[in-house]
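# mind looking at a prediction? Sequence and model below.
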Amino acid sequence: MTDTLDDLDVEGTTVGVRVDINSPIDDDGSLADDARLRAHVDTLSELLERGGRVAVLAHQGRPGGDDFVSLEPHAERLSTLLERPVDYVDVTYSSGAREAVRNLDDGDCIVLENTRFYSEEYMEFDPDAAARTHLVEGLAPVLDAYVNDAFAAAHRSQPSLVGFPSVLPGYAGRVMESELDVLGSIEETPEPRVYVLGGAKVSDSIDVAWSVLEKGLADHVLTAGVAGNVFLTADGVDLGDASTDFIYEQGYWDEIDRAADLLDAYGERVALPRDVAVERDGERHELGVNALPPADSEAAMDIGSSTLSYYERILEGAGTVILNGPAGVFEEAAFENGTRELYNAASDVDTSIVGGGDTASALRSLGVEGFSHVSTGGGAALRMLTAEPLPAVTALEDGPKHQQPADD
Ligand SMILES: Nc1ncnc2c1ncn2[C@@H]1O[C@H](COP(=O)(O)OP(=O)(O)O)[C@@H](O)[C@H]1O
Ligand SMILES: O=C(OP(=O)(O)O)[C@H](O)COP(=O)(O)O
């Protein structure tokens with residue numbers, strides 16, 4: 001068990017709080033959805049009301065992505081949500097960042113710059129190595145304690161997640177605490193258990209599929225989204241140039257082989273889309289897999305209606321469904337149907353657990369409700385639901401193993 005905020009003597013304590021406010025970003029760089037910021041309000045308010053001095057640490061996007069932006073808009077929105085000034089600091093661990101942290105008074109809050117603006121934060125380290133990174137050596141000297149509330153990133157072994165608890169006393173924030181509580185007992189959920197893997201993080205989805213199939217946790221794995229397209233390709237379906245190029249551009253070429261191996265080993269428990277939707281003459285047009293490939297420029301953007309009927313039948317018999325990732329490009333009206341209907345069917349299952357940043361945003365924009373638990377995490381929730389340890393949680397549990405770096 002990890003210590004929580006109940007174990008922290010907050011007043012006058014300078015706390016580095018790692019949150020996950022990684023959010024969809026509009027074309028103009030503003031926040032398209034603030035659900036993940038709202039999720040952390042309880043933790044941050046509690047720390048501030050108890051007289052803590054709070055330096056928020058977080059990442060946004062991945063290098064090269066359109067959503068790889070500064071945390072300035074996040075600081076502004078947090079200020080509104082917390083109903084108090086929240087200053088944005090344009091550095092993360094340099095002397096300027098240390099200065100901003102030293103200047104905090106009781107009840108003050110700042111947001112440090114996107115941790116992933118520094119390349120080491122985009123690499124995986126074991127906790128000992130993470131303790132020696134620039135980020136941790138630079139910032140830990142001015143912190144008294146570390147709170148990890150970033151459940152959604154807890155499956156990453158990055159310095160801001162595993163390095164700080166190696167040199168500072170670490171505590172789980174309220175989001176982390178409640179997620180660990182709800183998601184910690186997957187083996188006890190009713191069977192049959194169905195995992196629905198959609199979205200665009202194909203490597204994560206295939207990792208999860210292997211793990212839950214090998215451990216006998218999943219009775220069925222339903223594939224959709226880009227993951228579904230990769231499985232179809234692995235099964236020998238030619239999706240055409242547009243979808244195939246997309247898989248290649250996203251760096252998922254190797255995943256096709258992994259998906260093929262998985263189909264060889266557990267094919268009878270893995271369901272593949274039976275049809276896909278493409279854009280033809282400006283409208284949605286559905287094609288059965290036998291009618292593929294489509295014309296050159298037509299990408300598979302959603303699952304079609306016969307896939308939906310097939311998946312709905314499996315879900316009708318399920319005791320538990322665990323779902324991550326949209327079934328298609330739900331951001332476009334023509335391709336939201338698969339996601340809406342699949343989520344609706346999943347929400348009718350007795351025990352229904354859903355997670356993921358885009359998934360939560362799809363739930364809200366499509367108005368789907370009724371899940372037993374909506375997790376702030378996608379990959380992290382799935383990893384936990386495979387009964388695998390989360391590196392950031394293990395680091396918190398293990399506690400500090402190294403001396404806190406000295407202040408200058
Ligand atoms: N067939 C598809 N082709 C391209 N993108 C897709 C497809 N299906 C889903 N997506 C995209 O997947 C993204 C969400 O995936 P992901 O980040 O894995 O979800 P989450 O954040 O819930 O874990 C969405 O932006 C959606 O447009
Ligand atoms: O959005 C996140 O994960 P998710 O898409 O699995 O919900 C987390 O912020 C982790 O981000 P990452 O998958 O770029 O490491």
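Cool, got the structure. Ligands and ions are numbered 1, 2, ... in the order given.
# list the buried ones in stretch 53-72?
53, 54, 55, 56, 57, 58, 59, 60, 61, 68, 69, 71 (16 or more other C-beta atoms under 10 Å). Where you see a C-beta, it was placed from the backbone N, CA and C, and this is true even at glycine.
# kindly report the same for stretch 210-222.
Quick answer for stretch 210-222 (16+ other C-beta under 10 Å): 210, 211, 212, 213, 217, 218, 219, 220, 221, 222.
# is that stretch positioned near ligand 1?
No. Stretch 210-222 stays clear of ligand 1 (C-beta under 6 Å from any ligand atom), getting no nearer than 13.6 Å.
# need the residues of this structure near ligand 2, please.
Residues of the chain lying near ligand 2 (C-beta under 6 Å from any ligand atom): 20, 22, 62, 152, 153, 156, 201, 356, 357, 377, 378, 379.
# any idea how far ligand 2 is from residue 149?
Look at residue 149 and ligand 2: by C-beta to the nearest ligand atom, to the nearest Å, they are 12 Å apart.
# returning to that earlier point: from the buried residues of stretch 210-222, which is closest to residue 181?
Checking the buried residues of stretch 210-222 against residue 181 by C-beta to C-beta gives residue 217 as the nearest, at 19.2 Å.
# can you report how many residues lie near the residue of the stretch 1-150 of the chain found nearest ligand 2?
Proximity of the stretch 1-150 of the chain to ligand 2 (C-beta to the nearest ligand atom) peaks at residue 22, 3.4 Å away. Neighbourhood size, residue 22 [other C-beta atoms under 10 Å]: 21.
# next up, the contacts around it.
If you count contacts by C-beta atoms under 8 Å, 6 or more residues apart in numbering, residue 22 has them with 36, 58, 59, 60, 61, 67, 152, 153, 357.
# so what's the residue count around residue 298?
21.
# gap between it and residue 290?
16 Å (C-beta to C-beta, to the nearest Å).
# quick one on the thing from earlier: nearest to residue 127 among the buried residues of stretch 53-72?
Of these, the one sitting nearest to residue 127 (C-beta to C-beta) turns out to be residue 57, at 16.1 Å.
# isn't the closest one right next to residue 17, touching?
Yes. Counting by C-beta atoms under 8 Å, residue 57 does reach residue 17; the two are 6.8 Å apart.
# quick revisit: okay, and which of the buried residues of stretch 53-72 map to strands?
Those of the buried residues of stretch 53-72 mapping onto strands are 53, 54, 55, 56, 57, per DSSP state E.
# for the residue lying closest to the fourth one once chain neighbours are set aside, give its distance to residue 71.
By that I understand residue 56. Residue nearest to residue 56 in three dimensions, not counting chain neighbours: residue 111, with 4.5 Å by C-beta to C-beta, 6 or more residues apart in numbering. Separation of residue 111 from residue 71 (C-beta to C-beta): 5 Å.
# shared neighbours of the two, which are they?
By C-beta under 8 Å, 6+ apart, the residues touching both residue 111 and residue 71 are 58, 88.
# can you report how many residues neighbour the residue in the stretch 251-400 of the chain that ligand 1 sits nearest to?
The minimum distance from the stretch 251-400 of the chain to ligand 1, using C-beta to the nearest ligand atom, falls at residue 356 (2.2 Å). Neighbours of residue 356 under the rule other C-beta under 10 Å: 27.
# how about it: what's its closest non-neighbour residue?
For residue 356, ignoring the flanking residues on the chain, the nearest one in space by C-beta to C-beta, 6+ apart is residue 378 at 2.7 Å.
# ok, now which ones touch the one you found?
With C-beta under 8 Å, 6+ apart, residue 378 has these contacts: 152, 199, 201, 204, 324, 325, 355, 356, 357, 358, 359.
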